[in-house]
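Undergrad: Any chance you can model this:
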Amino acid sequence: MNKPVKKTPLKPTPTFANESEERAYWEAHDSTEHLDWSKARSVSLPNLKPTTKTISLRLPQHLLDAIKVAANARDVPYQSLIKVWLQEKLHSH
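TA: Modelled structure (predicted):
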């Protein structure tokens, strides 16, 4: 016969002054003290778009030209092709 699991009462979630304070708290505390994850549900956020950041990237002209040729052959913008290649390389390691 299985022993019943004694549940400890959940702690109230604290109020935070800002996101930095909240981040510091959750880095140092276990969320299971505050939430019953057995009641969690999966959600879908179909309109959520990843945040993007503009960067400046200096490339040799010959490399940029070769990338543009490859992108043109695939009928995609060269910046998009660079992002795809970077993502593929990141996931291959």
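Undergrad: CA atoms for contacts and neighbours, from now on please.
TA: Fine.
Undergrad: Tell me which helix or strand comes right after the helix or strand hosting residue 27.
TA: Element membership for residue 27 (DSSP states H and E) is helix 19-28. The helix or strand immediately downstream of helix 19-28 is helix 61-74, counting by DSSP H and E.
Undergrad: after that following helix, next one along is what?
TA: With elements assigned by DSSP H and E, the helix or strand that comes after helix 61-74 is helix 78-91.
Undergrad: relative to helix 61-74, how tilted is that following helix?
TA: 100 degrees (axes from the mean of the first three to the mean of the last three C-alpha atoms, to 10 degrees).
Undergrad: now for helix 78-91, which elements pack on it?
TA: With contacts taken as 3 or more C-alpha pairs under 8 Å, 6 or more residues apart in numbering; DSSP states H and E, helix 78-91 sits against helix 61-74.
Undergrad: Which residues in the helix it packs on does the neighbour count mark as buried?
TA: Neighbour-count burial for helix 61-74, counted by 16 or more other C-alpha atoms under 10 Å, picks out 67-68, 71.
Undergrad: what does it contact?
TA: 77-78, 81-82 (C-alpha atoms under 8 Å, 6 or more residues apart in numbering).
Undergrad: Compile the residues you listed into TSV and extend it with columns for neighbour count, pLDDT and distance to residue 50.
TA: As requested, the contacts of helix 61-74 are exported to TSV (neighbours: other C-alpha atoms under 10 Å; pLDDT from 0 to 100; distance: C-alpha to C-alpha, whole Å):
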residue	neighbour count	pLDDT	distance to residue 50
77	13	97	19
78	19	97	20
81	18	97	17
82	15	97	17
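Undergrad: Widest-spaced pair of those residues?
TA: Taking C-alpha to C-alpha as the measure, the contacts of helix 61-74 span a maximum distance of 8.9 Å, between 77 and 82.
Undergrad: tell me the pLDDT at the residue nearest the centre of the chain?
TA: With distances taken as C-alpha atoms, centre = their mean, residue 50 lies nearest the centre of the chain, 7.8 Å away. Listed pLDDT for residue 50 reads 84.
Undergrad: Could you check how far it is from residue 74?
TA: For residue 50, the distance to residue 74 equals 24 Å [C-alpha to C-alpha, to the nearest Å].
Undergrad: Residue 19 too?
TA: On the measure of C-alpha to C-alpha, residue 19 and residue 74 end up 42 Å apart.
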